[in-house]
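Participant: Please work out how this folds:
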Amino acid sequence: MEFPFAAKVNSEEETARLAGEFSELLQGGEIVALNGDLGAGKTSFIKHLLRNFEIDNVSSPTFAIVNEYQGSLKVNHFDFYRINKVEELYDIGFEEYLTREDTLTFIEWADLLPEVLPSKRIEISFVVNDDFSREISFKNIS
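Facilitator: The predicted model follows:
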């Protein structure tokens, strides 16, 4: 997979396969920003991806802001959906999470607070089509 990259997925199985392919590019230290409407598949994609790092207990961090997981890699999983002010992120040490080189960081709803995103990241966009398939596009931001 080379960036930019886009794929249309028609099923949960195809989403899982794409997540698996993408996971092979990740080694730790990456920050992945995910954007798309409610129900577009952001959390599902992360769940499938993290199985490749021996993590099976993934849940949406909507109310917790961040979930931390430990598998073959450490993972931070943020959700900006219910964040009202940037200060809420700073209160939990958001900047420190981003500097952990041995940790993968996923941020759902990243486009809601673009001012806190690092200049170097991978962005994944999810678009739900009329036939309920998904267009998933990847790009490297640096």
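
Participant: give me the low-pLDDT residue ranges for the protein?
Facilitator: Counting by pLDDT under 70, the chain shows no low-confidence range.

Participant: residue nearest the centroid of it?
Facilitator: By Cα atoms, centre = their mean, the chain has its centre lying nearest to residue 106, at 3.6 Å.

Participant: is it true that that one touches residue 75?
Facilitator: Yes: assessed by Cβ atoms under 8 Å, residue 106 is found in contact with residue 75 at 7.0 Å. The way it works is simple: take the backbone N, C-alpha and C, and place the C-beta from them, glycine included.

Participant: need the helices for this protein, in chain order.
Facilitator: 12-23, 42-51, 86-91, 94-98 (DSSP state H).

Participant: how many degrees apart are the second one and helix 12-23 in direction?
Facilitator: It refers to helix 42-51. Computed by axes from the mean of the first three to the mean of the last three Cα atoms, to 10 degrees, the angle separating helix 42-51 from helix 12-23 equals 60 degrees.

Participant: what's helix 42-51 packed up against?
Facilitator: helix 12-23, strand 31-36, strand 103-108, strand 121-128 (3 or more Cβ pairs under 8 Å, 6 or more residues apart in numbering; DSSP states H and E).

Participant: now do 10 Å
Facilitator: helix 12-23, strand 31-36, strand 66-70, strand 74-79, strand 103-108, strand 121-128, strand 134-141 (3 or more Cβ pairs under 10 Å, 6 or more residues apart in numbering; DSSP states H and E).
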